[in-house]
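> just a sequence and a predicted model for now, questions to come.
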Amino acid sequence: MDAEKIKVILADDHDLYRDGLKLLLGNDNNIKLLGEASNGRQLIQLTQQYHPDVILTDLSMPGISGIEAIKEICKTGKQRIIVLSFFESESMIVQALESGAIGYLNKNAQRGEVIEAIKSVYDHIPYYCSTTNTRLARRISQSAFNPYNHTDPHLFSEKEKEIIRLICAEKSSEEIGKILFMSKRTVDGIRGRLLEKMNVRTTAGMVIYAIKNSIYSLSPEEPANKL
Amino acid sequence: MDPRETKIYIALLIGIIVFLVLVAFFVVTIIRYQRKKVSFHTQKIKAEYDFLDKERKRIAADLHDRVGGSISAVKIHLQCLTSLEGRNSEIVSNSEKQIDDIMNDVRRISFNMMPVILKQKGLDEAFREMIDRFTADIGIHVDYRYGIESFPDDKTIHLYLVAQEIMNNVIKHSRATHVLFSVSQIKKKTVLHIKDNGIGFNKNMTPYSGKGLGLYNISSRAELLHATIYLTTKPNKGADYFIEIPV
């Protein structure tokens, strides 16, 4: 059944981390690891050789960095790339997305996220790590990265739009419930439906989607990072 | 004139000239010595900071590459444990939480030691990141402006750390709600201006008393930039750091 498996290549210069990742991917029956690289040059070679479905790559590697490798790989057409970041600053994540990646994972991502990210990106759905804070989400939404086509303005009801705006303003389900006179469970239910409608996996994804589609706008007092 | 008298006058004149020459020599020597001492002092500070910065960079990089990488490797290995039940599941999930805490500490310490971003992206981005980090969890509004075209590469680290030290003071002690943070070009000088609306402090506190260590660090780093610091502050009147750096 190999043909139906998601073919993955991973690149990271940290051997121990790469081993762990390999083990983790090996646990999943839907994923097949084609090869592993420890630097950007190897990653480019392996990609040209094996044509993987999804590429998982670290950003800082010796020689050719992750970002340079992404640019090189995307020269010949769009690829489904997830970048792994750890200490790398937010600007590097934004740069990676602008260079052609469509997802990113923090190296301290939570249990299950790596697999979720691979499956999401395989379906061409951008993946934003659950560790993303609103600041980074705003920064991404202001960048040149835009995987969304403008959607039908009637896709969301007024009530839903209101909830989206409250979520973007970092309100919890409980707080939203209090504001809109709903139970927390109802809000959670709507939140789940919204994620589905937007085809995003995380709250960060929702914020970026909402800003890119003009459902939510940044308030003039707090333009993210640009003062 | 009596030849003996003439001789006495000549001797006197020679004596005076010799004396003057000696005095002049003495004065010149003292001035030279002072200049040497000052330049030696500056060189010593520079050498000390160069060494210190090199060490900071090394420790930050080691934390980043080795410790950080290894911690995330441990976490990913833990995630390979599946079908856990009861107590085991609890132990693993607690360990994962602890790993997150360690990771955040490592990240914070490494960034404070030497921000990788400074070398990669330059002062503007590094300042933005620093301000973001300082203000992430507290309600301080920072009005940030950056208006210089370039700054000498070998001096960016000093300017950055001067600003970091000032922001440290502001965040830790000032209780300010608004901060102006601007880097600008005024005539032929780069100006770093950081002003807060906090509780201010008493400037007469000696810079060497433990409490004033931050100020001492600011002034000695500033010396390397040949900068002039104008600090205006009074209890309950905020603090205004205006630092002029000749380019």
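Thanks, I have the structure now. Residues are numbered from 1 along each chain as shown, chains lettered A, B, ... in the order given.
> per-residue pLDDT, residue 154?
No chain in the question, so chain A it is. Per-residue confidence (pLDDT) for A:H154: 77.
> try chain B instead
B:D154 carries a pLDDT value of 85.
> try B:L215
80.
> neighbours of it, how many?
A total of 22 residues lie near B:L215 under the criterion other C-beta atoms under 10 Å in any protein chain shown. All C-beta atoms are positioned from the backbone trio N, CA, C, and that covers glycine.
> what about it, which SS state?
Under DSSP: H, G, I helix; E, B strand; the rest coil, B:L215 falls in the helix class.
> how close does it get to chain A?
27 Å (C-beta to the nearest C-beta, to the nearest Å).
> gap between that residue and B:N168?
Using C-beta to C-beta, to the nearest Å, B:L215 is found at 11 Å from B:N168.
> next: B:S93.
35 Å.
> near chain A, which residues of chain B show up?
B:64-65, B:68-77, B:79-80, B:82, B:96, B:99-100, B:103, B:107, B:110-111, B:115-117, B:120-121, B:125, B:128-129, B:132, B:136, B:142-145 (C-beta under 8 Å from any C-beta of the partner chain).
> show me those that map onto strands.
B:142-145 (DSSP state E).
> just confirm A:T57 is within a strand.
Yes - remark: A:T57 belongs to a strand, assigned using three-state DSSP.
> run the chain-centre distance for the least confident helix or strand in chain A by mean pLDDT.
Lowest by mean pLDDT, DSSP states H and E among the helices and strands of chain A is helix A:134-141, with a mean of 78. Offset of helix A:134-141 from its chain centre (C-alpha atoms, centre = their mean, to the nearest Å): 12 Å.
> residues in contact with the helix or strand following it?
Proceeding N to C from helix A:134-141, the next assigned helix or strand is helix A:158-168, under DSSP states H and E. Around helix A:158-168, the neighbours that count as contacts under C-beta atoms under 8 Å, 6 or more residues apart in numbering or on different chains are A:134, A:156, A:175-176, A:179-180, A:187, A:190-191, A:194, A:203, A:206-207, A:210-211, A:215-216.
> and those, which of them are buried?
Neighbour-count burial (16 or more other C-beta atoms under 10 Å in any protein chain shown) applied to those gives A:156, A:176, A:187, A:190-191, A:194, A:203, A:206-207, A:210-211, A:215-216.
> got CSV for those, with distance to A:G66 too?
Putting those into CSV (distance: C-beta to C-beta, whole Å) gives the following:
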residue, distance to A:G66
A:F156, 36
A:I176, 38
A:V187, 38
A:I190, 37
A:R191, 33
A:L194, 32
A:T203, 26
A:M206, 26
A:V207, 25
A:A210, 28
A:I211, 26
A:I215, 32
A:Y216, 31
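> pick the one among the residues you listed closest to B:S220.
Lowest distance from B:S220 to the buried ones among the contacts of helix A:158-168 (C-beta to C-beta) belongs to A:V207, with 43.6 Å.
> that closest one contacts A:N213, doesn't it?
No - here A:V207 lies out of contact with A:N213, judged by C-beta atoms under 8 Å, at a distance of 11.1 Å.
> got the contact list for the lengthiest helix in chain A?
Using DSSP state H, we find that the single longest helix of chain A is helix A:184-198. Contacts of helix A:184-198 with the rest of the structure, by C-beta under 8 Å, 6+ apart, involve A:155-156, A:160, A:163-164, A:167, A:173-174, A:176-177, A:180, A:201-202, A:205-206, A:209.
> mind listing what's buried along it?
Applying a neighbour-count criterion of 16+ other C-beta under 10 Å, the buried positions in helix A:184-198 are A:187, A:190-191, A:194-195, A:198.
> how's chain A carved up into domains?
A:2-131, A:136-227 (automatic domain parsing).
> for the ones you listed, which one ends up most surrounded?
Comparing the domains of chain A on average neighbours per residue, with mean count of other C-beta atoms under 10 Å in any protein chain shown, the densest one is domain A:2-131 at a mean of 20.
> near chain B, anything from that one?
Yes - contact of domain A:2-131 with chain B (C-beta under 8 Å from any C-beta) involves A:14, A:16-17, A:19-21, A:23-24, A:27, A:86-92, A:107-108, A:110-112, A:114.
> distance from that domain to the middle of the chain?
11 Å.
> do stretch A:189-207 as well
13 Å.
> report the rounded mean pLDDT for it.
Stretch A:189-207 shows a mean pLDDT of 86 in the predicted model.
> C-alpha coordinates for it, CSV please?
Taking Å, rounded to 0.1, in the frame of the first residue of the first chain, the C-alpha atoms of stretch A:189-207 are listed here in CSV:
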residue,chain,number,x,y,z
GLY,A,189,-18.9,24.0,19.4
ILE,A,190,-19.0,27.1,17.1
ARG,A,191,-15.2,27.5,17.3
GLY,A,192,-14.8,23.9,16.1
ARG,A,193,-17.2,24.6,13.2
LEU,A,194,-15.4,27.8,12.3
LEU,A,195,-12.0,26.0,12.1
GLU,A,196,-13.7,23.5,9.8
LYS,A,197,-15.2,26.1,7.6
MET,A,198,-11.9,28.0,7.3
ASN,A,199,-10.1,24.8,6.8
VAL,A,200,-7.5,25.7,9.4
ARG,A,201,-6.3,23.7,12.3
THR,A,202,-5.3,26.1,15.0
THR,A,203,-6.4,29.4,16.5
ALA,A,204,-3.3,31.0,15.0
GLY,A,205,-4.6,29.8,11.6
MET,A,206,-7.9,31.4,12.3
VAL,A,207,-6.4,34.8,13.2
